[in-house]
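Trainee: generate a structure from the sequence data that follows.
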Amino acid sequence: DTRNPIRQAEEGGISNTKQYNLLANVTLGYDFTPDLTLKFTNGVNYLSSSADVFKNTLNWYNGTQTGPNSSRKTDYSDIHYLQQLDLSYKKTFGDHHLKVIIGGQQEYDQYKDIMGYRQDFINNSSGSLQLGSAIGLDNSSTYYDWGIMGVFGRINYDYKRRYLLELNAREDGSSRLSPGHNWGFFPSASAGWRISEENFMQSFKNKISELKLRGSYGVLGNQNIPGGSDNNQLYYPYQSIVGPANDPAYWGPLYYVFGGQLINPMTIVQDPNNTFTWERTSILDIALEGSLFKRAVDFSVGYFDKTTNGMLMTKKVSSVNGAKDYVANIGKMRNNGVEVALGYNKTTKGGLSYNFNGNFSYKTNKLLDLGGIDLAASGVTRNVMGSPLNAYYLYVSEGLVTKADFLNPGFTLLNGQKYGDQKILDQNKDG
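Mentor: Model (predicted):
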């Protein structure tokens, strides 16, 4: 190709992109008394972008042409709001310390974009879309929004900074879950015992600087829905969606003749699920942590057990249904294990500080229930009861194919297999 790359760079067209990002937070507070405070926080994150790309038609001395010329214009915006109002109270009664917070919170996110494309303009100066040819035109747009709101409360209490207790509770509602099932209650509690603050430990202070036993149990909620780039499934899975019919055999539009014209009919492309709700994860965490030798050595040893119920997963639908897979609360999964961390900190007399840190963890993951079904394999992974989530499901090699294998009547020869190819183990014994 003898086309001049310098000319292509200088005369090939234009590409203009403008981006705007606004990130703002406002916090207002009022102290009714030294112990009672009201606080309001309002935040916004706004992002917008517009792009205008025009590719010129260029004629070359050898009679060839770069083209056709084309124009593509895109605009998108995403705005996210967050508001929180809370009332806090703190008080000390001798050796007792108390802090209470109650409040409410809400978030809202809105995204939209639009794109238009035309080609075959009469010259390289007319970039308005309406001046382009109808042949090859393309346009698209996207819109989605979601919101979440809830109330919460927290109580912190300690006695002599030695015995620690925290209680939490929140109630949240999400627009992405089924109406009537979109609210969830999520409590948690944690406690700690600073053993190093006990009287019987004071004689060991030079060796044991800090020693604490802690434990917690709580429930977390998840509203994030699997679905890749399908915005209907991600943000409106509880609604019945109507759209153009597609031919599953060709992955393209399905047409029929009506009144002498080809018509792309409308059909239900998403069956709703009106009963799915929050995915709930219960977490138990127990640990012993501390510092030794005037905080020169830090360590922690912990155990955790996390069980997720009502996992939000995509349930397969037969292709003859004409609709896409739908979201449901399927199954139960457990993660548990131990975590160990060890660190060393040192500061020399000259003021040089250095530290070393290491950690070890052992974790297991197992699917305990999938609603009575094994989910279909996806690529090289699959989900089966008793196995980890998205476990790899791969071929197992038994070595290389040899001449003896070809002479063995019990050896199953794969299509096109020859000497030196991988010999694959028949794991399910189906030949």
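
Trainee: what are the phi and psi values at the residue most central in space within the chain?
Mentor: Centroid check for the chain by Cα atoms, centre = their mean gives N224 as the closest residue, at 6.9 Å. Dihedral angles phi and psi of N224 (degrees, to the nearest 10) take the values phi -70, psi 130.

Trainee: residues near the closest residue to L425 other than its chain neighbours, how many?
Mentor: The shortest distance from L425 to any non-neighbouring residue, by Cβ to Cβ, 6 or more residues apart in numbering, is to V396 (4.1 Å). Quick note: C-beta positions are derived from backbone N, CA and C, even for glycine. By other Cβ atoms under 10 Å, the residues close to V396 number 10.

Trainee: what does F121 give?
Mentor: F121 has 22 neighbours, counted by other Cβ under 10 Å.

Trainee: who touches the closest residue to W278 other than its chain neighbours in this structure?
Mentor: In space, and not counting its chain neighbours, W278 is closest to G184: 3.9 Å by Cβ to Cβ, 6+ apart. Contacts of G184 were listed using Cβ atoms under 8 Å, 6 or more residues apart in numbering, and they are 171-173, 221, 277-278, 280.

Trainee: how about a cut-off of 10 Å?
Mentor: 150, 170-174, 177, 219-223, 277-280 (Cβ atoms under 10 Å, 6 or more residues apart in numbering).

Trainee: highest neighbour count among those?
Mentor: Highest neighbour count within the contacts of G184: L177, with 27 neighbours (other Cβ under 10 Å).

Trainee: correct me, but that one touches A328?
Mentor: No - the criterion here is Cβ atoms under 10 Å, and L177 misses it with A328 at 11.6 Å.

Trainee: what's the longest helix in the chain?
Mentor: helix 5-11 (DSSP state H).

Trainee: now do it: distance to the chain's middle.
Mentor: Centroid separation for helix 5-11 versus its chain: 42 Å, with Cα atoms, centre = their mean, to the nearest Å.

Trainee: tell me the helix or strand right after it.
Mentor: Going down the chain from helix 5-11, the next helix or strand is strand 13-33, by DSSP states H and E.

Trainee: who does that next one pair up with?
Mentor: When pairs are called by DSSP bridges, strand 13-33 turns out to pair with strand 36-55 (antiparallel).

Trainee: which neighbouring elements make contact with the longest helix of the chain?
Mentor: With contacts defined as 3 or more Cβ pairs under 10 Å, 6 or more residues apart in numbering; DSSP states H and E, the packing partners of helix 5-11 are strand 58-59, strand 65-66.

Trainee: neighbours of G136, how many?
Mentor: Neighbours around G136, by other Cβ under 10 Å: 12.

Trainee: that one: which element?
Mentor: Here G136, judged by DSSP H and E, is contained in strand 133-159.

Trainee: pLDDT (mean, whole number) over that strand?
Mentor: What strand 133-159 shows for mean pLDDT is 93.

Trainee: which neighbouring elements make contact with the helix or strand harbouring L98?
Mentor: Element membership of L98, judged by DSSP H and E, is strand 96-119. On a contact count with 3+ Cβ pairs under 10 Å, 6+ apart, strand 96-119 meets strand 36-55, strand 70-93, strand 133-159, strand 163-174, helix 231-235.

Trainee: residue ranges for the strands of the stretch 301-431 of the chain, please.
Mentor: Applying DSSP state E, counting those that start in this stretch to the stretch 301-431 of the chain gives strands spanning 312-315, 326-329, 332-347, 353-369, 375-378, 381-383, 391-392, 397-400, 422-424.

Trainee: out of these, which gets nearest to N273?
Mentor: strand 326-329 (5.0 Å; Cβ to Cβ).

Trainee: now do the same contact list for V297.
Mentor: Counted by Cβ under 10 Å, 6+ apart, V297 has contacts 209, 290-291, 342-346.

Trainee: swap the cut-off to 7 Å and go again
Mentor: 291, 344 (Cβ atoms under 7 Å, 6 or more residues apart in numbering).

Trainee: wait, L367 sits on N383?
Mentor: Yes - between L367 and N383 there is a contact at 6.1 Å, judged by Cβ atoms under 7 Å.

Trainee: tell me how many other residues surround the nearest residue in space to I114 that is not next to it in sequence.
Mentor: Distance criterion Cβ to Cβ, 6+ apart; nearest residue to I114, sequence neighbours excluded, is S141 at 4.4 Å. Under the neighbour criterion other Cβ under 10 Å, S141 is assigned a count of 11.

Trainee: likewise for D298?
Mentor: Neighbourhood size, D298 [other Cβ under 10 Å]: 18.

Trainee: kindly reformat the strands of the stretch 301-431 of the chain as a markdown table containing mean neighbour count.
Mentor: Formatted as a markdown table, those follow (neighbours: other Cβ atoms under 10 Å):
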| stretch | mean neighbour count |
| --- | --- |
| strand 312-315 | 20 |
| strand 326-329 | 20 |
| strand 332-347 | 15 |
| strand 353-369 | 11 |
| strand 375-378 | 13 |
| strand 381-383 | 17 |
| strand 391-392 | 14 |
| strand 397-400 | 10 |
| strand 422-424 | 14 |
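
Trainee: for Q83, find the nearest of those strands.
Mentor: Closest approach to Q83 among those (Cβ to Cβ): strand 312-315, 26.1 Å.

Trainee: spit out the contact partners of Q106.
Mentor: By Cβ under 7 Å, 6+ apart, the residues touching Q106 are 83, 147-149.

Trainee: if we can go back for a sec, what's the angle from the host helix or strand of the residue nearest to W278 to strand 133-159?
Mentor: Secondary-structure assignment from DSSP H and E places G184 in strand 183-194. Relative orientation of strand 183-194 versus strand 133-159 (axes from the mean of the first three to the mean of the last three Cα atoms, to 10 degrees): 40 degrees.

Trainee: who does Q83 bridge with?
Mentor: Taking DSSP bridges as the rule, Q83 bridges to N42, Q106.

Trainee: that one: how many residues sit nearby?
Mentor: The number of residues packed near Q83 is 16, by other Cβ under 10 Å.

Trainee: next: T281.
Mentor: So T281, with other Cβ under 10 Å, has 19 neighbours.

Trainee: hmm, it is touching T308, no?
Mentor: Yes - between T281 and T308 there is a contact under Cβ under 7 Å: 4.5 Å.

Trainee: gap between Q84 and G337?
Mentor: Noted for Q84: a distance of 34 Å to G337, by Cβ to Cβ, to the nearest Å.
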